[in-house]
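>>> how would this look folded up:
(2 chains, ligands or ions: 1)
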Amino acid sequence: MDLTPSPADEAFRAEARTWLGAHVPTVPLPSLETEEGFAAHRVWEAELAADRWSVVSWPAAYGGRDADLMHWLAFEEEYHAAGAPGRVGQNGISLLAPTLFDHGTAEQRARVLPPMATGEVVWAQAWSEPEAGSDLASLSSRAVRVAGGWRLNGQKTWSSRAAFADRAFGLFRSQPGLPKPHQGLTYLMFDLRAPGVTVRPIGRLDGKPAFAELFLDDVFVPDEDVIGEPGQGWRVAMSTAGNERGLTLRSPGRFLAAADRLVALWCDVGDRADRALRDRVANAVIGARAYQLFTYAGASRFLDGEGVGPESSMNKVFWSELDIALHETALDLLGEGGELADTAWSEGYVFSLAGPIYAGTNEIQRDIVAERLLGLPKGRR
Amino acid sequence: MRFLLDDEQRAFAASLDAMLSAADTPSAVRAWAEGDRAPGSALWSRLAEAGVFALAVPEKYEGVGPLPVELVVAYVELGRHAVPGPVVETVAAAALLNGLGERGETGPAERLLPGLAAGGSVATLAMDGGYALDADAATVLLAMEGESLYRASGHGPVRASMDRARRLARPEAGGELLARGPQVVRAARDAVTWARLATAAQALGVGLALLDRTVAYVGQRTQFGVPVGSFQAVKHRLADAKIALEFARPLLFGAALSMTPADVAAAKVTAVEAAYATARTALQLHGAIGYTAECDLSLWLTKARALRTAWGTPAECRERVLAGLSGDRPRS
Ligand SMILES: Cc1cc2nc3c(=O)[nH]c(=O)nc-3n(C[C@H](O)[C@H](O)[C@H](O)COP(=O)(O)OP(=O)(O)OC[C@H]3O[C@@H](n4cnc5c(N)ncnc54)[C@H](O)[C@@H]3O)c2cc1C
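Presented below is the predicted three-dimensional model:
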């Protein structure tokens, strides 16, 4: 039981802090969810990558620093504390890259990872379909074998920022008619600008064109863009779903920084006599700390050789509820001003509302906790 | 940096768990509630032999501590097994006496701490006019009054707690004056920190016991032809209980490592809220059987409520957390 950072931990953190202090833009970038903001964030990714800060946990060969999990967590804490911009490359970096490290070929890693690290190629996740949300395995978009590759047909939806992204990764049914829906799926990567792809932006709650739906009409994908074995797509995809729910999508640094800002706001404008609001501020602060320490414990186990298990479902429920509570509390502290759009708090609030829905809804995560961690009997799905 | 229990700490938890499982603690709790102290005292002796009461006492007073992480490990087990008696108060008294010793007042520490560490004496403690837990079972009854610490010679009427295994009484005023002065007040603050940490650990244990028993129950109780645990409404309540308890755990160990009052307060409020929410869920999911005193569940249900306010209400703890953060921020 030890929370004391080693001198190497301290040195890594200090180096990150110094770099961020010198580079984080002083004027916030325009929203990541707009075309202009997307472009500005790509420039920021390139700046991060130039000094190997965009993918610190990757091997140096792909632009990283070989940082272990503890250093990555420290980097994330510094990153968010410095108020650095959102990460336009995050879908690729936190979802596709781990999949390629586990299941990709050396050729795929060499081709895909370096331009991902610099923001030159930004990836979208194309998993959901109009009829396949929580029951993702029921998806019906098809991949049909042709000479040298596959032809894709069907429709994907709710693909975050696909309106401006370059490429996408997703699951397709390559062998219909098998007894179980998880069988006969193939995981592959495709170009969002390939012939046959139509991208239609969908405005989200705040009107920003964040999502898109993708219509695929005889889109050709070469064999080299299949990840893992054809037909094994479910296993390939699920091996990294834990990343999305757990650590990499929402590192503790983000909530610690938000909690700090919340305390500052409470000190500035909070009514000290309002004990109910004061308790909510305290709860948010405590929740952020709990999430940080829970993550440190998980990271310690991971470094001992344990994988990311169903515990990531506990993370998912916890961080998504914490995020909403933090932002709701800030808006309530702001009173009438909390209504204004385009403030960091209100933008963060709208985004937080989606947390219990994406990355597997919280209902699905609670099922996983109940069945896989508590051992309760499976019920009807 | 390795934020995990080591093998020795895990083995300590496992040995306490095994010992308490074998000792039939529920009957000891029921006897304690009826005023029969014998089985509870036997349990205390075995805990003392295992070194539990020496953890907050430094070696120079014949203890093995101070070892807050091991204390948390132990008290989670005491909570899981609903061990009766002033387990937290004995730790608080030890911290208070040791705190006095550290501030130059070694007399009371030298006289009383070896007995507490060895388990020969049982201490309880009342702060400024508050109740002392199980004063009638304690051999050392301490009372803080302003800047003075007394060893009281008796106590007023014993009142029942909602948790039938806890009995509350106010010490009689006066008695033997052990120490007086601002150092006593500072030592009392240490005592509160230790008491909160131990209460938080005990509460986590109470919550874990409630969750385990409820998971087992809904797995075997059938209605509509299936185990009630296969219903999603049931599963989701238990998943929430699990998540709340598992996120209290790292706060507790983080607090044991830092021992700052703010961290300990954060752990306390989180653990007691999680345990209390779990108690509500446990009762609901057991249905009517859970509402009976016959069902052992009741031993933990009422304790979860009592621990919520013992040694600092949730509101007091939250205030302490924010005071630790906002103290130096001027108001613009
Ligand atoms: C902001 C945002 C970004 C997203 N980004 C992406 C992306 O980049 N790529 C991508 O592929 N997808 C993305 N998604 C889609 C997301 O993964 C899906 O919305 C999610 O899986 C839920 O599917 P659904 O919306 O179809 O809801 P449904 O599955 O239709 O569910 C509707 C409701 O029913 C509940 N429900 C369903 N089944 C059960 C069950 N068995 N038990 C209990 N309750 C159940 C759900 O929990 C939910 O409350 C994004 C979504 C949002 C909101």
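
>>> Contacts only, for the closest residue to the ligand within chain B.
Closest approach of chain B to the ligand (Cβ to the nearest ligand atom) occurs at B:Gln232, with a separation of 5.9 Å. All C-beta atoms are positioned from the backbone trio N, CA, C, and that covers glycine. If a contact means Cβ atoms under 8 Å, 6 or more residues apart in numbering or on different chains, then B:Gln232 has A:363, A:367, A:379 as its contacts.

>>> Which parts of chain B are helices?
B:7-22, B:25-33, B:38-49, B:68-80, B:87-102, B:107-118, B:182-220, B:232-258, B:261-286, B:297-309, B:314-326 (DSSP state H).

>>> bridging residues for B:Val140?
B:Ala123 (DSSP bridges).

>>> where exactly do the strands run in chain A?
Ranges of strands within chain A are A:123-126, A:142-146, A:149-156, A:167-173, A:185-191, A:197-202, A:211-222, A:226-227, based on DSSP state E.

>>> Keeping just the C-alphas, turn the second one into PDB.
Taking only C-alpha atoms (Å, rounded to 0.1, in the frame of the first residue of the first chain), the coordinates of strand A:142-146 have been written out as PDB:
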ATOM      1  CA  ARG A 142     -22.500  -6.800 -44.500                       C
ATOM      2  CA  ALA A 143     -19.000  -7.600 -45.700                       C
ATOM      3  CA  VAL A 144     -18.900  -9.800 -48.800                       C
ATOM      4  CA  ARG A 145     -15.800 -11.500 -50.000                       C
ATOM      5  CA  VAL A 146     -14.500 -10.200 -53.400                       C
END
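
>>> nearest spatial neighbour of A:Thr295, skipping sequence neighbours?
Ranked by Cβ to Cβ, 6 or more residues apart in numbering or on different chains and with sequence neighbours excluded, the top spatial neighbour of A:Thr295 is A:Pro252, at 4.9 Å.

>>> and the gap between the one you found and A:Gly298?
Per Cβ to Cβ, to the nearest Å, A:Pro252 is found 10 Å from A:Gly298.

>>> follow-up on the earlier one: the residue nearest to A:Thr295 and A:Leu73 touch, don't they?
Yes. With contacts counted by Cβ atoms under 8 Å, A:Pro252 reaches A:Leu73, the gap being 6.8 Å.

>>> How far off centre is stretch B:222-231?
Relative to the chain's own centre, stretch B:222-231 is displaced by 35 Å; criterion: Cα atoms, centre = their mean, to the nearest Å.

>>> what's the answer for stretch B:156-175, then?
How far stretch B:156-175 lies from its chain's middle: 17 Å, per Cα atoms, centre = their mean.

>>> ok, the residue nearest to B:Ser15 when sequence neighbours are not counted - how many residues close by?
Leaving aside its chain neighbours, B:Ser15 sits nearest to B:Ala50 (6.9 Å; criterion: Cβ to Cβ, 6+ apart). Close neighbours of B:Ala50, defined as other Cβ atoms under 10 Å in any protein chain shown, add up to 17.

>>> show me what contacts B:Ala50?
Contacts here follow Cβ under 8 Å, 6+ apart; on that basis B:Ala50 touches B:15-16, B:19.

>>> neighbour-wise, which of those leads?
Highest neighbour count within these, by other Cβ under 10 Å: B:Leu16, with 24 neighbours.

>>> Contacts only, for that residue.
Each residue near B:Leu16 by Cβ under 8 Å, 6+ apart is listed here: B:47, B:50, B:52, B:74, B:77-78.

>>> 7 Å instead, please
Residues near B:Leu16 by Cβ atoms under 7 Å, 6 or more residues apart in numbering or on different chains: B:50, B:74, B:77.

>>> Give me the pLDDT value at the first one.
pLDDT, the model's per-residue confidence, is 97 for B:Ala50.

>>> try the second one
You'll see B:Ala74 listed with a pLDDT of 98.

>>> burial measure for it, as a count.
B:Ala74 has 28 neighbours, counted by other Cβ under 10 Å.

>>> how far away is it from B:Leu55?
B:Ala74 sits 6 Å away from B:Leu55, taking Cβ to Cβ as the criterion.

>>> which one's the longest helix in chain A?
Criterion DSSP H: the longest helix present in chain A is helix A:275-303.

>>> And the helices in chain A?
Counting by DSSP H, residue ranges of the helices within chain A are A:7-23, A:35-50, A:69-81, A:90-91, A:97-103, A:106-118, A:233-245, A:252-269, A:275-303, A:311-334, A:344-353, A:362-368.

>>> For B:Trp311, give its distance to chain A.
As defined by Cβ to the nearest Cβ, to the nearest Å, B:Trp311 lies at a distance of 17 Å from chain A.

>>> Quick check: pLDDT value at that residue.
97.

>>> show me the contacts for it.
Residues near B:Trp311 by Cβ under 7 Å, 6+ apart: B:88, B:192, B:195-196, B:199.

>>> circling back: joint contacts of A:Pro252 and A:Leu73?
Common neighbours of A:Pro252 and A:Leu73 (criterion: Cβ under 7 Å, 6+ apart): A:Thr295.

>>> how about the residues of the stretch 201-332 of chain B near chain A?
Taking Cβ under 7 Å from any Cβ of the partner chain as the criterion, the stretch 201-332 of chain B approaches chain A at residues B:215, B:218-219, B:227, B:229-232, B:235-236, B:238-239, B:242-243, B:246-247, B:250-251, B:253-254, B:257, B:266, B:269-270, B:315, B:318, B:321-322, B:325-326, B:329, B:331-332.

>>> picking up where we left off before, will you turn the strands of chain A into JSON lines that also has distance to the ligand, mean pLDDT and mean neighbour count?
As requested, these are exported to JSON lines (distance: least, Cβ to the nearest ligand atom, whole Å; pLDDT from 0 to 100; neighbours: other Cβ atoms under 10 Å in any protein chain shown):
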{"stretch": "strand A:123-126", "distance to the ligand": "4", "mean pLDDT": "97", "mean neighbour count": "26"}
{"stretch": "strand A:142-146", "distance to the ligand": "16", "mean pLDDT": "98", "mean neighbour count": "17"}
{"stretch": "strand A:149-156", "distance to the ligand": "7", "mean pLDDT": "98", "mean neighbour count": "21"}
{"stretch": "strand A:167-173", "distance to the ligand": "7", "mean pLDDT": "98", "mean neighbour count": "25"}
{"stretch": "strand A:185-191", "distance to the ligand": "13", "mean pLDDT": "98", "mean neighbour count": "24"}
{"stretch": "strand A:197-202", "distance to the ligand": "10", "mean pLDDT": "96", "mean neighbour count": "16"}
{"stretch": "strand A:211-222", "distance to the ligand": "6", "mean pLDDT": "97", "mean neighbour count": "19"}
{"stretch": "strand A:226-227", "distance to the ligand": "15", "mean pLDDT": "98", "mean neighbour count": "24"}
